[in-house]
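Novice: Have a look; sequence and predicted model below, questions after that.
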Amino acid sequence: MPENSLNTDQSLRHDWRAEEVEALYDLPFSDLMYQAQTVHREHFDPNSVQVSTLLSIKTGGCAEDCGYCPQSAHHESAVKAEPLMPLDKVLENAAAAKATGASRFCMGAAWRNLKDRDLERVADMVSGVKDLGLETCVTLGMLEEHQAVRLKEAGLDYYNHNLDTSPEFYGDIISTRTYQDRLDTLSYVRNADIHVCSGGIVGLGESRQDRAGLLISLANLPSHPESVPINLLVKVEGTPLANHEDIDQLEFVRTIAVARLMMPKSYVRLSAGRESMSDELQAMCFLAGANSIFYGDKLLTTDNPNTVHDQQLFNRLGITTLAGQHSAPVQDACSH
C-alpha cells in the first residue's frame, strides 16, 4: 500500500495492551532488533529512507505552554515572535528543498490553533508547494473540521499533530491543551481524507511505561498514522526542560523498534534530536525500523544535521533516498 493511501489494513492491530508493549521493551536488545528488522523487511525496502524538509512559516509567540518548546510565549527562550511568512518566500524554500532531494515539504506554524483569518493564506502555500511536485504537510496546532476540509481541497497530503507522550504523563508537560483536544484534531484530519502524521517525544522525563503508553495511543487509533515521528528531546535554554537528564540512547532505539513492531506499515521518522546523535546511533535507529528523516539544517528553530553530512552517512550505510512517488511499502510498490 503506498504511503499516500489510507492505512485500513484489517490485519493491523488496534488493541494493544500495556503488558504486551512493555514485554516488547523488556526483550533482550538483540532479539528486539531482530524482530523489528524482520517486520520492517516484510513491508519496506530496508535500505531506503524517505526524506522531508520542515520550514517554520510562523515562528514564536505560541500561546501553548509545552514544557519542551522554545516557541512558547510562556518561556524565556531566545526565539522571538515573527509574522506569517510570505507565500513567495515559502515557495522559494520549497524549491530549494526539492533541489536537495526532499520529496515532502512540511510547514509548521507556532499556533495554538489555526484561525480562519489565516486559512486561505496557508491553503495558498499548500497549493503552491503541491504545484512544485512535492508532497505537502502542515502542522498548525488544533484544527476545526471545516478547516481540515479546506486544506484537503488545497492539496494537503499530511497533517502533523503529535500526541507527545502518554495520556498519564501529558499533564506534566502541557496544561493549555488536553489530550482529547489532540485526538479530536486527528479525527478531523482523518475524516477529511488527509493522511495523519503523529508521534511523540522521548526524553521528557517520562517512564518506560509512558513511552509504551504513547505508542499504544498511536497504534490503537482507528487507523495507524501513515507517518510516526519519534523525537528525541532537544533541550533549549529558557524552557522548563532545558536541564533535563538525557535518556539512555539504547532506550531511544528500543522505542523506534517497538514502534516498528506495533505499526508495521507506517513510516517511522527519526525526527528532532538528530543533531546530537552519533552516526552510529542513527544507523542503529535505521536498523530498528526508522525509515524517514527530516533533511536540512533547521527543524523549525532547532539545529539539524546538514544535508551533506546526511548524504555522506547514507553513502556509508548504502541507503538510498525515496522520491515521493516511491514512498511505498515494498509489497504494494511491486503490485502496480
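Specialist: Ah, there it is.
Novice: Every contact and neighbour count from this point should use C-alpha atoms.
Specialist: OK.
Novice: all strands for the stretch 101-250 of the chain, in order.
Specialist: 104-109, 135-139, 158-160, 195-197, 200-202, 227-232 (DSSP state E, counting those that start in this stretch).
Novice: and the first one with strand 135-139, angle?
Specialist: If you take axes from the mean of the first three to the mean of the last three C-alpha atoms, to 10 degrees, strand 104-109 sits at 20 degrees to strand 135-139.
Novice: just to revisit the earlier point, quick one: which of the strands of the stretch 101-250 of the chain is nearest Ser166?
Specialist: Among the strands of the stretch 101-250 of the chain, strand 200-202 comes nearest to Ser166, with 8.9 Å by C-alpha to C-alpha.
Novice: give me the low-pLDDT residue ranges for the stretch 201-336 of the chain?
Specialist: Along the stretch 201-336 of the chain, the parts satisfying pLDDT under 70 run over 238, 240-241, 296-306, 323-336.
Novice: Helices along that one, start to end?
Specialist: 208-219, 249-262, 279-288, 307-317, 330-333 (DSSP state H, counting those that start in this stretch).
Novice: what's the answer for the stretch 51-200 of the chain, then?
Specialist: Assigned by DSSP H, counting those that start in this stretch, the helices in the stretch 51-200 of the chain fall at 87-99, 116-131, 145-154, 167-170, 179-191.
Novice: List the buried residues of the second one.
Specialist: Of the residues in helix 116-131, those scored as buried under the neighbour-count criterion (16 or more other C-alpha atoms under 10 Å) are Val122, Ala123, Met125, Val126, Ser127, Gly128, Val129, Lys130.
Novice: Name the residues that touch it?
Specialist: Identification of contacts with helix 116-131 by C-alpha atoms under 8 Å, 6 or more residues apart in numbering yields 87, 90-91, 94, 105, 135-137, 147, 150-151, 154-156.
Novice: any idea which of those residues is closest to Leu183?
Specialist: Closest approach between those and Leu183, by C-alpha to C-alpha: Gln147, at 15.8 Å.
Novice: What score does that closest one have for pLDDT?
Specialist: The per-residue pLDDT reported for Gln147 equals 96.
Novice: How about the contacts made by it?
Specialist: Applying C-alpha under 8 Å, 6+ apart to Gln147 gives the contacts Asp116, Leu119.
Novice: rewinding a little: can the helices of the stretch 51-200 of the chain go into a markdown table with extra columns for distance to Val21?
Specialist: As requested, the helices of the stretch 51-200 of the chain are exported to a markdown table (distance: least, C-alpha to C-alpha, whole Å):
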| stretch | distance to Val21 |
| --- | --- |
| helix 87-99 | 37 |
| helix 116-131 | 37 |
| helix 145-154 | 32 |
| helix 167-170 | 16 |
| helix 179-191 | 21 |
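Novice: closest one to Arg211 among those helices?
Specialist: Smallest distance to Arg211 across the helices of the stretch 51-200 of the chain (C-alpha to C-alpha): 9.5 Å, for helix 167-170.
Novice: now that closest one: mean pLDDT?
Specialist: 93.
Novice: What lies in contact with it?
Specialist: Residues from elsewhere that reach helix 167-170 (C-alpha under 8 Å, 6+ apart): Asp164, Tyr179, Glu206, Asp210, Gly213, Leu214.
Novice: hmm, 6 Å instead?
Specialist: Taking C-alpha atoms under 6 Å, 6 or more residues apart in numbering as the criterion, no residue outside helix 167-170 touches it.
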